[in-house]
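Colleague: model the structure of this input:
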Amino acid sequence: MNPAVFERGAVRALMSLPGAVLDKLSAGLETHSRSHLDSRLRFLLALSAAKPTLDSGTVEQARRLYRDVINLLDVAPVSLPVVVDHQVPRDDGSSMRVRRYRPALAPRVAPAILFMHGGGFTVGGVDEYDRLCRYIADRTNAVVLSVDYRLSPEHPSPAAAEDCLAAWRWLLDNTAAMGLDPQRLAVMGDSAGGNLSAVVCQQAKQAGLTLPALQVLIYPTTDGALKHPSVQALGQGFGLDMALLTWFRSQFIQDPAMMEDYRVSPLRNPDLSGLPPAILITATDPLRDEGLEYGEKLRAAGVDVTALDYPQLVHGFLTMGGVIPAARKAVNAICDATVQRL
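Modeller: Below you'll find the model as predicted:
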């Protein structure tokens, strides 16, 4: 039997145990108090303590490990009638891949979501997030366009931000050809992708482009300094440790001056007025405080912000819906909130 298939089956079998049993097993394994977390997620974190971390090897090893983890935990693939890869031009004449998902029940002129994946600007991509994007498209009946932006360390910041803004320009120029409603275009992303979603809104405003109708920021990183209190309070034992955060930062910020750049630290932009309405998602997460502060600054600038908080979940839950029912429920709620506001 394929080892990955065996591991997936074993994890799902364990997750079918009663929550009280999993809590008891977790308590015997964990070195950090996590009793407030969802029972299945708590047990998964306890098991993962014995696994190698993304920062324990090379970048290529980290990318393979990240792919394996998503394959293990994410939702099952959904069949869609249209899944097409586009080659989208960059300003320098090169191109990047954007994958378009059109669900069967999308209206003739459909809303669309430009999706930016997570992974610390270093791991992940369109292929790793394929199942999630299919799920989001099917749940929202919106066309989802997933951006395969350049990764660090080969392409440090601001390469990813430049790519995502180029993808936004391309989307604006091609709504009619793809049967999309130009008044109902959103950006969405998790972690690094949440950062990029916020940055696209800021940079589109600065460039005089049409803004997204909605920004969906899922546990975003909004400041490169890693100085917020939650980084220290939750930076050990909750799936995204301080050592890993620091490793990611060393990959995508190679010029210290970039720390001040709004394309890395959108929280530092003093003018957030006129930006699109936001859905801000937080969890028990070292990035929690910087996400909350960004939401507060948006509100202070007159931007409507809807907050969805999941203290029983941790960073990365967006791609855990295949084995953690509470994570899938949260993904559904995020999708439903997006539909209501788009």
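Colleague: count the residues that sit near the closest residue to residue 204 other than its chain neighbours.
Modeller: Closest residue to residue 204 apart from its sequence neighbours, by C-beta to C-beta, 6 or more residues apart in numbering: residue 211 at 5.3 Å. No exception for glycine: its C-beta is placed from N, CA and C like everyone else's. The number of residues packed around residue 211, counting by other C-beta atoms under 10 Å, is 19.
Colleague: my guess is residue 211 meets residue 277, correct?
Modeller: No: between residue 211 and residue 277 there is no contact under C-beta atoms under 8 Å: 10.2 Å.
Colleague: how about residue 105, phi and psi?
Modeller: phi -100, psi 10 (degrees, to the nearest 10).
Colleague: cool, residue 183 as well?
Modeller: Torsion angles, degrees, to the nearest 10, at residue 183: phi -90, psi 0.
Colleague: ok, it - contacts?
Modeller: By C-beta atoms under 8 Å, 6 or more residues apart in numbering, the contact list for residue 183 reads residue 213.
Colleague: how about the strands in the stretch 151-300 of the chain?
Modeller: Applying DSSP state E, counting those that start in this stretch to the stretch 151-300 of the chain gives strands spanning 180-190, 214-218, 278-284.
Colleague: what would the ones you listed look like in a markdown table with distance to residue 264 and mean pLDDT?
Modeller: Output for the strands of the stretch 151-300 of the chain, formatted as a markdown table (distance: least, C-beta to C-beta, whole Å; pLDDT from 0 to 100):
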| stretch | distance to residue 264 | mean pLDDT |
| --- | --- | --- |
| strand 180-190 | 15 | 98 |
| strand 214-218 | 15 | 98 |
| strand 278-284 | 19 | 98 |
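Colleague: please identify the deepest-packed of those strands.
Modeller: strand 214-218 (a mean of 28; mean count of other C-beta atoms under 10 Å).
Colleague: pairing partners for that one, with directions?
Modeller: strand 180-190 (parallel), strand 278-284 (parallel) (DSSP bridges).
Colleague: reformat these as a markdown table; add distance to residue 172.
Modeller: Below are these laid out as a markdown table (distance: least, C-beta to C-beta, whole Å):
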| stretch | distance to residue 172 |
| --- | --- |
| strand 180-190 | 7 |
| strand 278-284 | 20 |
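Colleague: so which of the ones you listed is nearest residue 128?
Modeller: strand 180-190 (11.7 Å; C-beta to C-beta).
Colleague: that closest one: how far from the chain's middle?
Modeller: Counting by C-alpha atoms, centre = their mean, to the nearest Å, strand 180-190 is centred 15 Å from the centre of its parent chain.
Colleague: now that strand - C-alpha only, PDB.
Modeller: Taking C-alpha atoms only, strand 180-190 is exported to PDB below (Å, rounded to 0.1, in the frame of the first residue of the first chain):
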ATOM      1  CA  LEU A 180     -17.300  37.500 -14.800                       C
ATOM      2  CA  ASP A 181     -19.100  40.300 -13.100                       C
ATOM      3  CA  PRO A 182     -16.600  43.200 -12.800                       C
ATOM      4  CA  GLN A 183     -18.600  44.600  -9.800                       C
ATOM      5  CA  ARG A 184     -18.300  41.300  -7.900                       C
ATOM      6  CA  LEU A 185     -14.600  40.500  -7.700                       C
ATOM      7  CA  ALA A 186     -13.000  39.600  -4.400                       C
ATOM      8  CA  VAL A 187      -9.500  38.800  -3.100                       C
ATOM      9  CA  MET A 188      -9.000  36.000  -0.600                       C
ATOM     10  CA  GLY A 189      -5.900  34.300   0.900                       C
ATOM     11  CA  ASP A 190      -4.600  32.600   4.000                       C
END
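Colleague: contacting residues for residue 54?
Modeller: 62, 65, 66, 120, 123, 244, 247.
Colleague: okay, those in CSV with pLDDT, distance to residue 201 and neighbour count next?
Modeller: Converted to CSV, these look like this (pLDDT from 0 to 100; distance: C-beta to C-beta, whole Å; neighbours: other C-beta atoms under 10 Å):
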residue, pLDDT, distance to residue 201, neighbour count
62, 96, 29, 23
65, 95, 31, 17
66, 96, 26, 21
120, 97, 21, 23
123, 98, 24, 25
244, 96, 27, 18
247, 97, 28, 18
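Colleague: where in this structure is pLDDT low?
Modeller: Regions of the chain meeting the criterion pLDDT under 70 cover residues 1-8, 30.
Colleague: what about the residue nearest the centre of it, distance to residue 56?
Modeller: The residue lying closest to the centre of the chain (C-alpha atoms, centre = their mean) is residue 190, at 1.5 Å. Look at residue 190 and residue 56: by C-beta to C-beta, to the nearest Å, they are 22 Å apart.
Colleague: please apply the same query to residue 111.
Modeller: Separation of residue 111 from residue 56 (C-beta to C-beta): 41 Å.
Colleague: and stretch 23-33, how far out from the chain's middle?
Modeller: On C-alpha atoms, centre = their mean, the centre of stretch 23-33 falls 28 Å from the chain's centre.
Colleague: who's in contact with the residue nearest to residue 175 when sequence neighbours are not counted?
Modeller: Closest residue to residue 175 apart from its sequence neighbours, by C-beta to C-beta, 6+ apart: residue 182 at 4.5 Å. Counting by C-beta under 8 Å, 6+ apart, residue 182 touches 172, 175, 176, 210.
Colleague: out of those, the closest to residue 133 would be?
Modeller: When the contacts of residue 182 are ranked by distance to residue 133 (C-beta to C-beta), residue 175 comes first, at 18.7 Å.
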